[in-house]
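Chemist: Provided below are the primary sequence and the corresponding predicted coordinates.
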Amino acid sequence: MSEPQTQLSGPTQAVGVPALFVVYPNVHLGPGCEIGPYVLIGVPPRGASPGAIPTHVGPRAIIRSHTVIYAGNRIGAGFQSGHGVMIREFNEIGDNVSIGSHSIVEHHVQIGNGVRIHSGAFVPEYSILEDGCWIGPHAVLTNARYPLSRAAKQELKGPVVGKGAKIGANATLLPGITIGENALVGAGAVVVRDVPVGKVVVGNPARIIGDVADLDAYRITLSQKEAFRHEFGAARGSEGSVCFHSGRDRRSD
């Protein structure tokens, strides 16, 4: 078995790289990456040889100390990890994704552009995090409906977190549920069924208490953001307001 490389194997030399890191063979780093001490990139999963599976990390990544990235990941531009992050094999991670300290992303996860995963979160295999969603600190996503059952491994299915949805701190999402686009899950909620688009849920089990569009925190005036009006193609006066996520016109409320 060949030894892992202790130098960058990407197309250009990254900047600010300490000596104490390991980049395995067949890892491709984009320009301008910064790698902290004690980082491992391209770790082969069990049964694979070092370098057998390519790993791609886009330009301008900031990979902080003690982060471990397994082989087979495809990570876009502008990626950032906190300290002690673990990312297992065969994930698809978009551009401008941030994963906070001590968070874990298991294998075969799809993460869209602009996703923010805060510290201490757990994202299991076969989860889908769509563009712009937000996972709060110590949120736990699950994928085994019946742990240790005969078919548990064959039936793993992680949650789908829709575009722009927000999962509060310490929330738990049960296997296979869908959080609708722009929905808001309150801190500590236990979500046992699908959450419709744009709804707010809280509690254990989580229940719907309202609409994101009714929360002042997610409203903007059109005079503040003219481009938002053009996006929705509406000729509204500057005194009107819309929900930032849904585009719902509030003047008629």
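Modeler: Looks like it arrived, so ask away. Numbering: from 1, shown residues only.
Chemist: so where's the chain shaky on pLDDT?
Modeler: 1-19, 220-253 (pLDDT under 70).
Chemist: Find the residue at the geometric middle of it.
Modeler: Computing the C-alpha centroid of the chain and ranking residues by C-alpha atoms, centre = their mean puts residue 115 first, at 4.4 Å.
Chemist: Now do the same contact list for that residue.
Modeler: If you count contacts by C-beta atoms under 8 Å, 6 or more residues apart in numbering, residue 115 has them with 94, 97, 98, 129, 130, 131, 132, 133, 134, 135. Glycine gets a C-beta too; all of them are placed from N, C-alpha and C.
Chemist: Now intersect those with the strands, please.
Modeler: Cross-referencing the contacts of residue 115 with the strands (criterion: DSSP state E) gives 98, 129, 134, 135 as the overlap.
Chemist: From those, list the buried ones, please.
Modeler: Neighbour counting by 16 or more other C-beta atoms under 10 Å classes 98, 129, 134, 135 among the ones in strands among the contacts of residue 115 as buried.
Chemist: Distance of residue 191 relative to residue 42?
Modeler: When distance is defined by C-beta to C-beta, to the nearest Å, residue 191 is 35 Å away from residue 42.
Chemist: Save the contacts of residue 115 as a markdown table, and put in distance to residue 166 too.
Modeler: As requested, the contacts of residue 115 are exported to a markdown table (distance: C-beta to C-beta, whole Å):
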| residue | distance to residue 166 |
| --- | --- |
| 94 | 18 |
| 97 | 16 |
| 98 | 14 |
| 129 | 12 |
| 130 | 12 |
| 131 | 13 |
| 132 | 10 |
| 133 | 7 |
| 134 | 4 |
| 135 | 8 |
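Chemist: which two from those residues end up farthest apart in space?
Modeler: Of all pairs drawn from the contacts of residue 115, the one with the largest separation by C-beta to C-beta is 98 and 130; the distance is 15.5 Å.
Chemist: Isn't residue 74 up against residue 89?
Modeler: No: Residue 74 sits out of contact with residue 89 when judged by C-beta atoms under 8 Å, with a separation of 10.9 Å.
Chemist: Those two: which is more packed in?
Modeler: Here residue 74 and residue 89 are compared on neighbour count by other C-beta atoms under 10 Å; more neighbours surround residue 89, at 21 against 15.
Chemist: ok, now how distant is the more buried one from residue 158?
Modeler: When C-beta to C-beta is the yardstick, residue 89 and residue 158 sit 15 Å from each other.
Chemist: For this structure, which segments count as helices?
Modeler: Under the criterion DSSP state H, the chain carries helices at the ranges 226-232.
Chemist: Number of residues surrounding residue 124?
Modeler: Residues lying near residue 124 (other C-beta under 10 Å) number 23.
Chemist: same deal with residue 208?
Modeler: Using other C-beta under 10 Å as the criterion, residue 208 is surrounded by 13 other residues.
Chemist: That one reaches residue 200, doesn't it?
Modeler: Yes: Residue 208 is within contact range of residue 200, at 7.0 Å (criterion: C-beta under 8 Å).
Chemist: Which neighbours do those two have in common?
Modeler: Counting by C-beta under 8 Å, 6+ apart, no residue touches both residue 208 and residue 200.
Chemist: And for residue 175, the neighbour number?
Modeler: By other C-beta under 10 Å, 19 other residues sit near residue 175.
Chemist: repeat for the one 4 residues further on
Modeler: Each residue near residue 179 was counted by other C-beta under 10 Å, and the total is 29.
Chemist: Then the one 4 residues further on?
Modeler: Neighbourhood size, residue 183 [other C-beta under 10 Å]: 27.
Chemist: Equivalent analysis for residue 211, please.
Modeler: When neighbours are counted by other C-beta under 10 Å, residue 211 comes out with 19.
Chemist: How about it, nearest residue that isn't a chain neighbour?
Modeler: Distances taken as C-beta to C-beta, 6 or more residues apart in numbering place residue 198 nearest to residue 211, at 5.7 Å, with adjacent residues excluded.
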